[in-house]
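Novice: Kindly generate the corresponding structure for this input.
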Amino acid sequence: MPETIAGRYALLTNIGHGGSADVWQARDTVLQRDVAIKRFATGHTMDEAMARELGALSSLDHPGIVRLYDAGVEDERPYLVVELVEGPTLRERLNYGPLTLEQARRLGRDVAEALAHAHEHDLVHQDVTPNNILLEEGRARLTDFGICTPPRRYCNDDDALATTSGYTAVEQLLGGPICPAADVHALGLVLLEALTGHKEFDGSPLQAAVARVRRQPAIPQDLPSPWPQLLSAMTARDPAKRPSAATVAAYLDAYQAMDLPPLETSPTAQQVASDVKDLAVAGFVKRHPRVAITVGAMLVGFAMSWPLKTMSSAPQADVVPGVMASEVEVVPNEADVVP
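Specialist: Predicted structure coming up:
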């Protein structure tokens, strides 16, 4: 007979383990469904980290974030019951080679949408890595909010050490703010790794931290557009110059939906405006009313500043970096309206 927790969760298979907890596939014998149980070590109390994860998951409701079902303590072992995602982690998938351009686009859109939802609830995930992205058919899912936190003005040594080496933003390594832009930075490095097949800042935690402080990530310029420009923006050294997660999600969604050709040459603002108009006819604006105008403005900004070397040298764009897409107020000009 399998071990049972809380009289209803029958432990079936150990599917993962970490420093303080194991993850089990279990059967909810009451609701007759499979779930995942994160079971902490004996004597582990309901500490601040666990309470933070519990509070975060209970406040978030998004298809890109693994759902929380239940929580409790049994035999001095706290546990969380969450949705079971029957698919590999991105780390496991990358063991077989890099993603295709389309797979990376969908992955980036899905995770950016999940992060935008968390950021709207004043939560910074702080640990966006290939190990914390689960892949199921048709969607990527973000998990493990164990070190999430509200935005803070300063990052101490404990905060920096809690993050996964190789993905930590420069400002956190230097004791700066913990803000949503740190998650965008981490996602940029994850996408770079997904496209190239190797971790940009590898080695020991100290080696990775020193390398990140000393240099920007080496983004292959032979990647098709818009990847070099987008990844450079997401991993900008200055967090204020990074796009918001909502902007990244909107751009990656719009880029696919518009069926744009590879941007090997600089398109004109008129061509981009025409593409946006055609996209609206195709129904994108109806499906995404909150971001449609922002997407158009953002694409015009990318076109007019082509080619981008760094975000700091680019002309001022219509979308303010670091601002949620829903917060951008666009005042149309008669001359910009496409008939």
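Novice: got the CA coordinates for the longest helix seen in the chain in CSV?
Specialist: Criterion DSSP state H: the longest helix present in the chain is helix 101-120. Output in CSV follows, covering the C-alpha atoms of helix 101-120 (Å, rounded to 0.1, in the frame of the first residue of the first chain):
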residue,chain,number,x,y,z
LEU,A,101,12.9,29.3,-33.4
GLU,A,102,9.2,28.7,-33.2
GLN,A,103,9.5,26.6,-30.0
ALA,A,104,11.6,29.4,-28.4
ARG,A,105,9.1,32.0,-29.5
ARG,A,106,6.2,30.1,-27.9
LEU,A,107,8.2,29.4,-24.8
GLY,A,108,9.1,33.0,-24.3
ARG,A,109,5.6,34.2,-24.9
ASP,A,110,4.1,31.7,-22.4
VAL,A,111,6.6,32.4,-19.6
ALA,A,112,6.5,36.2,-20.2
GLU,A,113,2.7,36.1,-19.9
ALA,A,114,3.0,34.2,-16.6
LEU,A,115,5.6,36.6,-15.3
ALA,A,116,3.4,39.6,-16.3
HIS,A,117,0.6,38.2,-14.3
ALA,A,118,2.9,37.7,-11.2
HIS,A,119,4.2,41.2,-11.6
GLU,A,120,0.7,42.6,-11.7
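Novice: So for the helix or strand that comes right after that helix, mean pLDDT?
Specialist: Counting by DSSP states H and E, the next helix or strand C-terminal to helix 101-120 is strand 133-136. Here strand 133-136 scores 93 as its mean pLDDT.
Novice: Which positions in strand 133-136 come out as buried?
Specialist: By 16 or more other Cβ atoms under 10 Å, the buried positions in strand 133-136 come out as Ile133, Leu134, Leu135. (C-beta placed from N, C-alpha, C; glycine too.)
Novice: nearest to Arg77, of those?
Specialist: The shortest approach to Arg77 among the buried residues of strand 133-136 belongs to Leu134, at 23.6 Å (Cβ to Cβ).
Novice: residues in contact with the closest one?
Specialist: Shown in contact with Leu134 (Cβ atoms under 8 Å, 6 or more residues apart in numbering): Val66, Val85, Gly87, Pro88, Thr89, Leu90, Ala140, Arg141, Leu142, Thr143.
Novice: Narrow the residues you listed to those in strands?
Specialist: Members of the contacts of Leu134 lying in strands (criterion: DSSP state E): Ala140, Arg141, Leu142.
Novice: Mind giving me the PyMOL command for buried ones among the residues you listed?
Specialist: A single PyMOL command selects the buried members of the ones in strands among the contacts of Leu134 (16+ other Cβ under 10 Å):
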select buried, resi 140+141+142
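Novice: Make a markdown table from the ones in strands among the contacts of Leu134 and add pLDDT to it.
Specialist: Formatted as a markdown table, the ones in strands among the contacts of Leu134 follow (pLDDT from 0 to 100):
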| residue | pLDDT |
| --- | --- |
| Ala140 | 95 |
| Arg141 | 95 |
| Leu142 | 95 |
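Novice: ok, of the ones in strands among the contacts of Leu134, which one's closest to Asp127?
Specialist: Nearest to Asp127 among the ones in strands among the contacts of Leu134: Leu142, at 9.8 Å, using Cβ to Cβ.
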